[in-house]
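Undergrad: Let me see the structure of the following:
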Amino acid sequence: MSEPANTAPDERVAPEASAGIELCRAAHQRVIAAAAELGDEAARGLSLLPGWSVGHVLTHVARNADGHARRLEAALRGEEVARYPGGPAERDTDIEAGATRPARQLAADVAGSASRLEDVWTRSANAGWPNRHLLAGDHWTTPESPWRRLREVEVHHVDLGIGYGPEDWSEEYVRWELPRVLASLPDRIRDPHDAGRMIAWLIGRAGQPGAVRFEPWG
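TA: This is a model prediction of the structure:
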């Protein structure tokens, strides 16, 4: 019995996934270093995300790493396990439960979860990213995990509000992310008139369209 088409060997998978892993390792080190500098008061302070403290964001970053590792570990075994088996409710409960921990514990959690994920990436790459057809409720295959994780780390590092901004994002990440964000715009612009004004601006027929209302991203 033949395997599904997207599990067949693909020589493009390894270098693309490996590039994502290396970029994400560097992003991990940046956010780990930033977390290690925080004190308890800063960890309890507000992040740039409404209703979330810095501790909430760091806990989310850690649980996201565990979710990626959970799905990839299962794929290595030929099993399909969601990143968050209990869905958004479980994810939100875990974040709330961990958000108020001391800064030292938060930083250790971010570092430890990143290390575990990097280990699973290494084993997945060595195995040739098997069972890529097991999506486990996601809309991306396992070799895309490093790039999806890179998005989480880079965006949420900014969300911490501690001095890291979009201008600090790597050129490689921006090159990967920008076309994906732009492709989502047609479905996110709420007002058709805003869409027209944006088109006019993009093709050089008008000035900047001003405040455009978007549906939430994600």
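Undergrad: okay, CA-based contacts and neighbour counts for the rest of this
TA: Fine.
Undergrad: Thought His156 was touching Ser47, still the case?
TA: No: when contacts are counted by C-alpha atoms under 8 Å, Ser47 is not listed as touching His156 (9.6 Å).
Undergrad: hmm, who's touching stretch 95-104?
TA: The set of residues that contact stretch 95-104 without belonging to it, under C-alpha atoms under 8 Å, 6 or more residues apart in numbering, is 35-36, 38-40, 43-44, 53-60, 63, 106.
Undergrad: So which bits of the host helix or strand of Glu118 are buried?
TA: Per DSSP states H and E: Glu118 is located in helix 103-126. Of the residues in helix 103-126, those scored as buried under the neighbour-count criterion (16 or more other C-alpha atoms under 10 Å) are 103, 105-107, 109-115, 117-118, 120-121, 124-125.
Undergrad: for stretch 22-34, same thing?
TA: Neighbour count says stretch 22-34 has 23-25, 27-28, 31-32, 34 buried, by 16+ other C-alpha under 10 Å.
Undergrad: residues in contact with the residue lying closest to Glu73 once chain neighbours are set aside?
TA: Across the structure, with C-alpha to C-alpha, 6 or more residues apart in numbering as the measure, the residue nearest Glu73 apart from its sequence neighbours is Val120 (6.6 Å). By C-alpha under 8 Å, 6+ apart, the residues touching Val120 are 69, 72-73.
Undergrad: burial count for Glu80?
TA: Using other C-alpha atoms under 10 Å as the criterion, Glu80 is surrounded by 19 other residues.
Undergrad: isn't there a helix covering it?
TA: No: Glu80: not assigned to a helix; according to DSSP: H, G, I helix; E, B strand; the rest coil it is coil.
Undergrad: What distance do you get for it to Asn131?
TA: As for Glu80, its distance to Asn131 is 9 Å (criterion: C-alpha to C-alpha, to the nearest Å).
Undergrad: next one: Arg63
TA: Noted for Arg63: a distance of 23 Å to Asn131, by C-alpha to C-alpha.
Undergrad: Low-confidence ranges, this protein, go.
TA: Scanning the chain for pLDDT under 70 picks out 1-12, 218.
Undergrad: Just the buried residues of the contacts of stretch 95-104.
TA: Counted by 16+ other C-alpha under 10 Å, these give 35-36, 38, 43-44, 53-60, 63, 106 as buried.
Undergrad: Greatest separation within these: which pair is it?
TA: When the buried ones among the contacts of stretch 95-104 are compared pair by pair using C-alpha to C-alpha, the two farthest from each other are Leu38 and Arg63, 19.0 Å apart.
Undergrad: can you tell me the helix or strand for Asn64?
TA: Using DSSP H and E, Asn64 sits within helix 54-76.
Undergrad: Now do that helix and helix 103-126, the angle between them.
TA: 20 degrees (axes from the mean of the first three to the mean of the last three C-alpha atoms, to 10 degrees).
Undergrad: Please pull up the helix or strand immediately following helix 54-76.
TA: Once helix 54-76 ends, the next helix or strand along the chain (criterion: DSSP H and E) is helix 87-98.
Undergrad: Would you mark the buried spots in that next one?
TA: Going by neighbour count (16+ other C-alpha under 10 Å), the buried part of helix 87-98 is 91, 95, 98.
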